[in-house]
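Novice: need coordinates for the below:
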Amino acid sequence: MKNQENQSCPAMTRRAALGWAAAGGLLLAGCGGGSEDAALLPVATQARLQQILDANRTLFNFPGAQAGVWTPNGSWVGVTGVAAQGGSAPPVRADHTRIGSITKTFTVVLILQLVDKGVIGLDDPIGNYVTGLPNGDSATLRMLASMTSGIPSYTFDDAWLAKFSSDPQAVFTPQQLLDYVRGKAPNFAAGTKVEYSNSNTVALGLVVEQKTGLPFAQALQQNILGPLQLTQTLAATSSAFPDPHWRGITTQADPEGVVKDPTDWNPTWGFSAGNMISTLDDMHRWAIALGTGNGIVSPAMQAIRVASMNSTVPPNSFQRRYALGFGGFSGWIGHTGELPGFNTSILYDPKTGTSMVAMVNSDIPAEVNGQEANPAPTITSAFVAALDA
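Specialist: Predicted coordinates for the structure are as follows:
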């Protein structure tokens, strides 16, 4: 998982902290899609999107990618490369991938549904439900959901990093994850700064379990995945990976910097901050639900979600901000997710109803315009620019 908010951390720490977003397409002939793919974008637009995908494969040297862009005037879905390093088969639309931090968007929606039901309040301190956390008496559920709690991320803890790097198959409980930050000083006073922390959404996942009486994976299925018919999406509780799935590459974990296959590593260290698995079509449907609130929260709660995009807590800005469980990027709504070997970006434009998804079977960054960047959000950023051209 990746944290794009703390560039001073060493490479493993940055990339293990789970990225929260940036802005993220192709024509996948012969693969099922449904009525939403019936009308295609103009041939020139399709060619430009495919060119972007192919060019980024060269830039990032990832094995493969698949992506989709859906607009009111037509759509495009496609692939580049291969489903596994050293293989010859291309990615297919049914391939499952690890979606990393996009899990956070689901976790926060589960919290908002509990608020809608009057079970909890957005301004309840997290200490009412999860004890021993820094700022536990002052950081509210709203602040955890919008990354302003001041609670440190366990993925920046040296002991956690050492454990994960030496044993990527290690199993963690959510309480064990939070134990890495219990007893530490907060990073700042609650509500005064935006700082991405995986501890926030792990704690919120525990609130979901307490108040639904269900394991996180079951609460997710009952309240979001089932109602939205996201039949290929799940919260992983082990290293098991549904078929079909592609295989990823990473340089994370020991030996650091060496390319390795992390596909079967245990994702329990992500819990409700990053343990989910999904597919291109399910992520397309989720991007729309995340952007509109339709089918997931009440109209009143959707108004609160929209208002959260106006947050002025530094360093939030119109160009880049973290709202109530999702990112805002120059008018687009979305999130980026990463687990070792996999990088995904979803975006939705409320003005036009356009949505896009990019999925890559690598989390290895590259230099783009003088800065370290990740493949999936780089692709969706280029898609946005292509549509605006």
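
Novice: let me see the ranges of the strands in the stretch 251-389 of the chain.
Specialist: Using DSSP state E, counting those that start in this stretch, the strands of the stretch 251-389 of the chain run over 276-278, 321-322, 327-329, 332-339, 342-349, 354-360, 366-368, 371-373.

Novice: I'd like to know which of those lies nearest to Thr71.
Specialist: strand 354-360 (4.5 Å; C-beta to C-beta). Where C-beta positions appear, they are placed from N, C-alpha and C, glycine not excepted.

Novice: what's the burial count for Thr380?
Specialist: 29 (other C-beta atoms under 10 Å).

Novice: look up how far Ala240 lies from it.
Specialist: 29 Å (C-beta to C-beta, to the nearest Å).

Novice: okay, buried residues for stretch 210-217 please.
Specialist: Buried residues in stretch 210-217, defined by neighbour count with 16 or more other C-beta atoms under 10 Å: 211-212, 216-217.

Novice: and the residue nearest the centre of the chain, what does it touch?
Specialist: Note on the chain: the residue nearest the mean C-alpha position is Ile102, at 2.2 Å, using C-alpha atoms, centre = their mean. Ile102 makes contact with 276, 278, 283, 286, 335-337, 344, 346, according to C-beta atoms under 8 Å, 6 or more residues apart in numbering.

Novice: just the closest of those residues to Val171, please.
Specialist: Using C-beta to C-beta, the contacts of Ile102 come closest to Val171 at Met276, 17.1 Å.

Novice: show me where the stretch 201-350 of the chain has its helices.
Specialist: 216-220, 271-274, 280-292, 299-307 (DSSP state H, counting those that start in this stretch).

Novice: TSV for those helices, including distance to Lys184 and mean pLDDT?
Specialist: What follows is those, written out as TSV (distance: least, C-beta to C-beta, whole Å; pLDDT from 0 to 100):
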stretch	distance to Lys184	mean pLDDT
helix 216-220	24	98
helix 271-274	17	98
helix 280-292	32	98
helix 299-307	30	97
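
Novice: tell me which of the ones you listed sits nearest to Ala65.
Specialist: Using C-beta to C-beta, the nearest of the helices of the stretch 201-350 of the chain to Ala65 is helix 280-292, at 10.3 Å.

Novice: from the contact counts, what lies against that closest one?
Specialist: Of the remaining helices and strands, those touching helix 280-292 by 3 or more C-beta pairs under 8 Å, 6 or more residues apart in numbering; DSSP states H and E are strand 64-71, helix 102-116, strand 332-339, strand 342-349, strand 354-360.

Novice: what's the first one packed up against?
Specialist: When you say that, I think you mean strand 64-71. helix 43-60, strand 74-81, helix 280-292, strand 354-360, helix 375-388.

Novice: any buried residues in the first one, and which?
Specialist: Of the residues in helix 43-60, those buried by neighbour count under the rule 16+ other C-beta under 10 Å are 45-46, 48-50, 52-53, 56-57, 60.

Novice: which one of those residues is nearest Trp269?
Specialist: Phe60 (24.5 Å).

Novice: before we move on, back to that, now the helices and strands packed on strand 64-71 in TSV, with distance to Val259?
Specialist: What follows is these, written out as TSV (distance: least, C-beta to C-beta, whole Å):
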stretch	distance to Val259
helix 43-60	13
strand 74-81	15
helix 280-292	25
strand 354-360	14
helix 375-388	14
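
Novice: how close does Val82 sit to Gly64?
Specialist: Val82 is 5 Å from Gly64, by C-beta to C-beta.

Novice: intersection of neighbour lists for the two?
Specialist: 90-91.

Novice: among the two, which residue is more densely surrounded?
Specialist: Taking neighbours as other C-beta under 10 Å, Val82 and Gly64 compare with Gly64 leading, 25 against 19.

Novice: assess the claim that that one and Gly81 are in contact.
Specialist: Yes. Between Gly64 and Gly81 there is a contact under C-beta atoms under 8 Å: 3.3 Å.

Novice: and stretch 123-131, what's buried?
Specialist: Going by 16+ other C-beta under 10 Å, stretch 123-131 has these buried residues: 125-127, 129-130.

Novice: again with stretch 168-175
Specialist: By neighbour count on 16+ other C-beta under 10 Å, the buried set for stretch 168-175 is 168, 172, 174.

Novice: now do stretch 336-350
Specialist: Buried positions in stretch 336-350, judged by neighbour count with 16+ other C-beta under 10 Å: 336-349.

Novice: same thing with stretch 319-338?
Specialist: Buried-residue list, stretch 319-338, by 16+ other C-beta under 10 Å: 320-329, 332-338.

Novice: what is the burial count for Gln87?
Specialist: Rather than Gln, residue 87 is Gly. Neighbourhood size, Gly87 [other C-beta under 10 Å]: 13.

Novice: now for His245, how many residues are close by?
Specialist: The number of residues near His245, taken as other C-beta under 10 Å, comes to 19.

Novice: look up how far Leu234 lies from it.
Specialist: Applying C-beta to C-beta to His245 and Leu234 gives a distance of 12 Å.

Novice: also Asp54?
Specialist: 31 Å.

Novice: what do you get for Gln50?
Specialist: Taken as C-beta to C-beta, the span from Gln50 to Leu234 is 30 Å.

Novice: likewise for Pro262?
Specialist: 19 Å.

Novice: between the two, which is the more surrounded one?
Specialist: Pro262 (22 against 19).

Novice: thinking again about what came up before, which among the buried residues of helix 43-60 gets closest to Gly353?
Specialist: Looking across these and measuring by C-beta to C-beta, the closest to Gly353 is Thr45, at 16.4 Å.

Novice: wait, doesn't that closest one sit right on Ala386?
Specialist: Yes. The pair Thr45 and Ala386 qualifies as a contact (C-beta under 8 Å) at a distance of 7.3 Å.

Novice: low-confidence ranges, the stretch 101-250 of the chain, go.
Specialist: For the stretch 101-250 of the chain, applying pLDDT under 70 flags no range at all.

Novice: how much space between Ile379 and Thr354?
Specialist: According to C-beta to C-beta, Ile379 stands 15 Å off from Thr354.

Novice: more neighbours: these two, which one.
Specialist: Ile379 (33 against 22).

Novice: right, I'll leave it there.
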